[in-house]
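Peer 1: Fold the following and give me the result.
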Amino acid sequence: MKKILMVLLVFVFAFSIAACGNNPSEVSEKTDQEQGTQDEAVESNDTTQEETEDIAAENTENGQTIYPLTVTDASGNEITFEEKPERIVSLAPSVTEILFALGLDENIVGVTEFDDFPEEATTKPKIGGILDGNTEAILAAEPDLVIGGLSLNEAIITGLAQLDIQVFTIEPNSIDEVMEGIQLLGLITDANDAAETVVSQMADEKQQVVEAVSGISEADKKKVYLEFSEGWTVGSGEFMNELIELSGGINVAADQVGWLQISEEKIIEDNPDVIIYTTKYMDLKPVITERSGWSEITAIKEDHLIGVNDDLISRPGPRITQGLLEIAKGIYPESVK
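Peer 2: This is a model prediction of the structure:
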């Protein structure tokens with residue numbers, strides 16, 4: 001167990017740290033063996049965009065899902081839906097955002113305490129936290145489908161499965177995988193047209209960024225440091241790193257893997273051109289600028305610090321490409337409009 005001085009974000013999928021409030025909190029970490037086992041499960045069940053489209057084509061007629069429908073979730077389980085799910089419990093804020101984006105608000109009968117977007121999500125019955133969901137509350141909602149993340153909701157999902165509750169897991173690790181997950185949930189819930197609309201907009205936003213920064217040479221790419229919670233940043237292998245790279249930036253922590261506590265001295269040595277920080281729960285800008293020795297960092301000397309709403313870059317849902325746009329505009333305001 002280890003202490004995190006401030007917990008700002010609720011990360012939904014495949015994170016080695018999890019956060020549930022603004023105060024100091026103990027956070028459990030997966031062992032290398034546990035993480036490796038889950039990574040193997042995710043890798044073995046990755047579904048490409050083309051494969052997702054093939055599945056949808058084979059199981060729809062005139063835009064409507066054909067039931068019974070059998071699909072494979074992130075845990076590798078084959079799940080058969082005899083009919084459209086009507087009562088859905090979401091175990092993560094990003095899942096809730098997806099369901100609302102698909103027009104399924106009337107079908108949502110339970111969400112976590114951290115689900116706050118769209119505003120209507122705050123009025124839904126609460127089933128507890130992300131890591132400590134209340135099984136009794138979930139059962140009381142009488143769901144015919146529970147959707148969660150493979151990593152953070154593992155214990156809850158295992159318990160529900162033993163009670164014969166139909167559970168479906170998703171585990172996106174990139175923007176493309178987020179879009180694939182949305183298409184798959186649209187297929188499961190017979191919201192195919194809505195899913196296509198959402199994914200199309202996301203693809204357009206991603207392409208807008210990619211095209212805008214395509215002319216930036218390697219020599220002109222800016223070094224970027226991102227701090228999503230006090231003293232914490234992201235290395236390679238996570239979609240937040242992908243947001244930086246797609247934006248044409250060079251993540252100064254990319255030589256490390258996953259979510260990590262920073263070395264203040266290393267960041268000074270890396271001397272980033274741009275610093276991105278989150279703003280929803282706490283304004284990290286003064287914390288960053290007042291660190292000893294950091295006044296010599298280029299980004300601070302030139303006041304190139306960009307505040308971004310945590311949820312746009314931490315929730316792998318429909319708004320993740322809006323987060324991508326915010327980061328890209330922050331790094332290259334002259335190129336990305």
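
Peer 1: what are the ranges of the strands in the stretch 1-150 of the chain?
Peer 2: According to DSSP state E, counting those that start in this stretch, the stretch 1-150 of the chain carries its strands in the segments 2-4, 25-27, 60-61, 64-65, 69-72, 78-81, 88-90, 108-110, 145-149.

Peer 1: Please disregard the earlier target; I meant the stretch 201-337 of the chain.
Peer 2: Residue ranges of the strands in the stretch 201-337 of the chain, as given by DSSP E, counting those that start in this stretch, are 223-227, 232-234, 250-251, 259-261, 274-278, 305-308.

Peer 1: what does the shortest one rub up against?
Peer 2: When you say that, I think you mean strand 250-251. Residues from elsewhere that reach strand 250-251, judged by C-beta atoms under 8 Å, 6 or more residues apart in numbering: 221-226, 234-236, 241, 244-245. In short, each C-beta sits where N, CA and C put it, glycine included.

Peer 1: If we use 10 Å, what do you get?
Peer 2: Counting contacts by C-beta atoms under 10 Å, 6 or more residues apart in numbering, the residues outside strand 250-251 that touch it are 218, 221-226, 233-236, 238, 240-245, 270, 272-274, 276, 331.

Peer 1: What subset of the residues you listed is buried?
Peer 2: Buried by 16 or more other C-beta atoms under 10 Å: 221-226, 233-235, 238, 240-244, 270, 272-274, 276, 331, out of the contacts of strand 250-251.

Peer 1: so how far is stretch 172-192 from its chain's centroid?
Peer 2: Centroid separation between stretch 172-192 and its chain, computed with C-alpha atoms, centre = their mean, to the nearest Å, is 13 Å.

Peer 1: on that earlier part again, closest one to residue 150 among the strands of the stretch 201-337 of the chain?
Peer 2: Shortest distance between residue 150 and the strands of the stretch 201-337 of the chain, using C-beta to C-beta, is found for strand 259-261: 16.6 Å.

Peer 1: list the buried ones in the closest one?
Peer 2: When burial is assessed from 16+ other C-beta under 10 Å, strand 259-261 yields the following buried residues: residue 259.

Peer 1: for that strand, the distance to its chain's centre please.
Peer 2: Using C-alpha atoms, centre = their mean, the distance between the centre of strand 259-261 and that of its chain works out at 16 Å.
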